[in-house]
Each structure stands twice: as C-alpha cells, then as structure tokens.
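A.B. asks: I would like to see how this sequence folds:
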Amino acid sequence: MNSIAFTPDGNILASGSSDKYIKLWDVKTQTEITTFRGHSSYVGSVAFSPDSQILASGSNDRDIK
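C.D. replies: Okay, the predicted model is just below:
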C-alpha cells in the first residue's frame with residue numbers, strides 16, 4: 001500500500017497501491033466495498049473531500065490523453 005485516507009467520519013478507508021488500484025474499505029466490518037481501476041502506474045496518493053463525496057487520487061501515469 002502506498003497511500004491511505006479516511007473519510008472525515010472515519011467509516012471508509014481508501015487505499016492506493018503499486019498494483020494501480022484504489023480500494024475502498026468499510027472500517028467497521030473490515031470488508032472491501034469496491035475497487036477502482038484506471039491508473040497506468042502506482043497510486044501514490046488518495047484524499048477525500050470534506051463532505052466525503054469526492055475521492056481524488058494521484059499517480060505517476062504517463063499516458064495522459
């Protein structure tokens with residue numbers, strides 16, 4: 001895992017890793033909610049907006065279109 005972020009209420013954890021995926025986890029049940037695919041390189045950062053409605057991610061993608 002390269003990066004993690006919690007929603008402001010602490011209920012959801014986002015993890016970004018070298019497998020190029022972002023996963024959302026339910027903190028209470030410790031289960032995976034969903035996986036986001038789309039980066040072509042490792043995910044180096046993840047962050048939630050203050051209202052938890054937006055998840056931003058950063059990667060070393062080089063194939064910007």
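
A.B. asks: Can you tell me the closest non-neighbouring residue to Ala14?
C.D. replies: Among residues not flanking Ala14 along the chain, Val46 sits closest, at 4.5 Å (Cβ to Cβ, 6 or more residues apart in numbering). Quick note: C-beta positions are derived from backbone N, CA and C, even for glycine.

A.B. asks: Name the helix or strand for that neighbour, please.
C.D. replies: Assessed by DSSP states H and E, Val46 sits inside strand 43-48.

A.B. asks: What of Thr34?
C.D. replies: Assigned by DSSP H and E, Thr34 falls in strand 31-36.

A.B. asks: List the neighbouring strands of that strand plus their orientation.
C.D. replies: With DSSP bridges as the test, strand 31-36 is paired with strand 22-26 (antiparallel).

A.B. asks: relative to strand 43-48, how tilted is the partner strand?
C.D. replies: 40 degrees (axes from the mean of the first three to the mean of the last three Cα atoms, to 10 degrees).

A.B. asks: pLDDT on strand 22-26, on average?
C.D. replies: Across strand 22-26, the average pLDDT comes to 98.

A.B. asks: For burial, what's the neighbour tally of Ser40?
C.D. replies: Neighbourhood size, Ser40 [other Cβ atoms under 10 Å]: 11.

A.B. asks: Show the model's pLDDT score for it.
C.D. replies: Predicted confidence (pLDDT) at Ser40: the value is 90.

A.B. asks: Can you say which helix or strand has it in it?
C.D. replies: Per DSSP H and E: Ser40 is located in neither a helix nor a strand.

A.B. asks: is it true that it touches Asp19?
C.D. replies: No. In this structure, Ser40 is not within contact of Asp19 by Cβ atoms under 8 Å, at 11.9 Å.

A.B. asks: Nearest spatial neighbour of Phe36, chain-adjacent residues omitted?
C.D. replies: Ile22 (4.3 Å).

A.B. asks: and the one you found, bridged to which residues?
C.D. replies: Beta-bridge partners of Ile22, counted by DSSP bridges, are Gly16, Phe36.

A.B. asks: swap in the one 10 residues further on?
C.D. replies: Taking DSSP bridges, one finds Trp25 as the beta-bridge partners of Glu32.

A.B. asks: Brilliant, that's me finished.
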